[in-house]
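Q: The sequence and its predicted three-dimensional model are supplied below.
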Amino acid sequence: MPKRGAPPEVNAGSMADIAFLLLIFFLVTTTIETDAGLDRMLPPIEPPNEEPPIIKEKNIFTVNINRNGQLLVEDELTDIKSLREKAKAFLDNGGAPQGSPEYCSYCKGKRNPESSDNPAKAIISLKNDRETKYSTYITVQNELVGAYNELRNREAQRLYKRDFTDMEADYLNPETDSGTKEDLKEKVKRIQDLFPQKLSEAETESTN
Amino acid sequence: MSKFTKKKDAGLPPVNTASLPDIVFMLLFFFMTVTVMKDSSLKVENVLPNASETKKLEKKDRVIYIYVGAPTSQYKSQFGEEPKIQLNDKFADPSQVGDYILQERAKKPQELQNVLTTALKVDKNANMGLISDIKQELRKVNALKVNYTTYDGDAFNNLQ
């Protein structure tokens, strides 16, 4: 009768090596960063027979970028650094007279009757040349979105004591639980309605 | 005294490495779970511009990527130095963008098909003409939600 002891132990000494090998493989292939960027909605293609709505000239804030990256804001050559302030002043103007249905009660602007009536009517129109550099375009977009965000943050601070961008990030984060989300949805919607983002991008023109 | 000398002879006791595999496995599982495999290799220069008012692009399964930039040195002789569009692994014309979006959209599950975002990863030296063509194509296929993917940073750095 041969001696039958416990089965021989498997040598696990090389397990660490195998694990290291796998670890290094995953280390090399990993990309952890999540992408971030500027969210924009493109306008849908209009039916050809539809008349474009008539918009008052004073409710449009025109931004033109030429091929050299220079900015023409409301027919005035402007430095890109002052674009945000100009856009804010335009959006926040609230030019409609007190008592009219379009009166903007939360606007803190100059209430210049020559500028926008209220934020819901104010439209920013962005035009660029075909040879404008993409980086310039992004900077301009960033400043315009920044202008909207600053105004929305101001209102959100007033109403909810919290930044709008912060609330929106929480709302979009998939890890936020649904109860908080429902609550945030309403607040985010309300602030967005106070300053709706109306950024129209015309088809590009080439200046030859 | 002999007691002490004896002890010195034994040298340092070896470090116990029995828990090393456990630690390594822990790291391994961490990287396994966070890994996203790269699905296409870039054939274009892709230095994104900076922006500060960014939003995170959550949920990778709802994103269609379009890359734009000048071909990398490897492809320069073949495709020239003008910025090009890369869809999946191929260079493409603006006219092919619409078909590509429809194709990618058809691959996604039904419930996601209406909430897709198109991420435009555009090199900062590209011209707006090409981007406008892409945008026009996107409008034609009703893919209206776009995300201009950027790095986080001061937007004024773009101007230099």
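A: Looks like it arrived, so ask away.

Q: Longest helix of the chain, counting residues only.
A: Defaulting to chain A. helix A:134-160 (DSSP state H).

Q: Not quite, go with chain B.
A: helix B:20-34.

Q: which other helices and strands contact it?
A: helix A:15-29 (3 or more CB pairs under 8 Å, 6 or more residues apart in numbering or on different chains; DSSP states H and E). Just so you know, the C-beta spots here come from the backbone N, C-alpha and C atoms, and that holds for glycine as well.

Q: And stretch A:88-104, end to end?
A: 15 Å (CA to CA, to the nearest Å).

Q: Could you list the buried residues of it?
A: A:88-96, A:104 (16 or more other CB atoms under 10 Å in any protein chain shown).

Q: residue contacts, B:Leu120?
A: B:66, B:68, B:131, B:134, B:146-149 (CB atoms under 8 Å, 6 or more residues apart in numbering or on different chains).

Q: any low-confidence regions in chain B?
A: Scanning chain B with the threshold set as pLDDT under 70 gives B:1-10, B:36-40, B:160.

Q: Which one of the residues in it is closest to chain A?
A: B:Gly129 (3.3 Å; CB to the nearest CB).

Q: Touching, that residue and A:Glu131? I think so.
A: Yes: between B:Gly129 and A:Glu131 a contact is recorded at 6.5 Å, counting by CB atoms under 8 Å.

Q: Looking at the two, which is more packed in?
A: Higher neighbour count among B:Gly129 and A:Glu131: B:Gly129, with 18 against 15, using other CB atoms under 10 Å in any protein chain shown.

Q: Quick one: list the elements packing against the strand or helix carrying the more buried one.
A: Assigned by DSSP states H and E, B:Gly129 falls within helix B:128-140. Packing partners of helix B:128-140 (3+ CB pairs under 8 Å, 6+ apart): helix A:134-160, strand B:63-69, helix B:97-107, strand B:117-122.

Q: before we move on, the earlier item: what's the separation between the residue of chain B closest to chain A and B:Lys135?
A: From B:Gly129 across to B:Lys135, the span is 11 Å (CB to CB, to the nearest Å).

Q: what about the helices in chain A?
A: A:15-29, A:83-91, A:134-160, A:164-172, A:178-194.

Q: Which of the ones you listed sits closest to B:Asn158?
A: Nearest to B:Asn158 among these is helix A:134-160 (3.7 Å), distances taken as CB to CB.

Q: wait, does the closest one contact chain B?
A: Yes: counting by CB under 8 Å from any CB of the partner chain, contacts between helix A:134-160 and chain B involve A:134-139, A:141-143, A:145-146, A:149.
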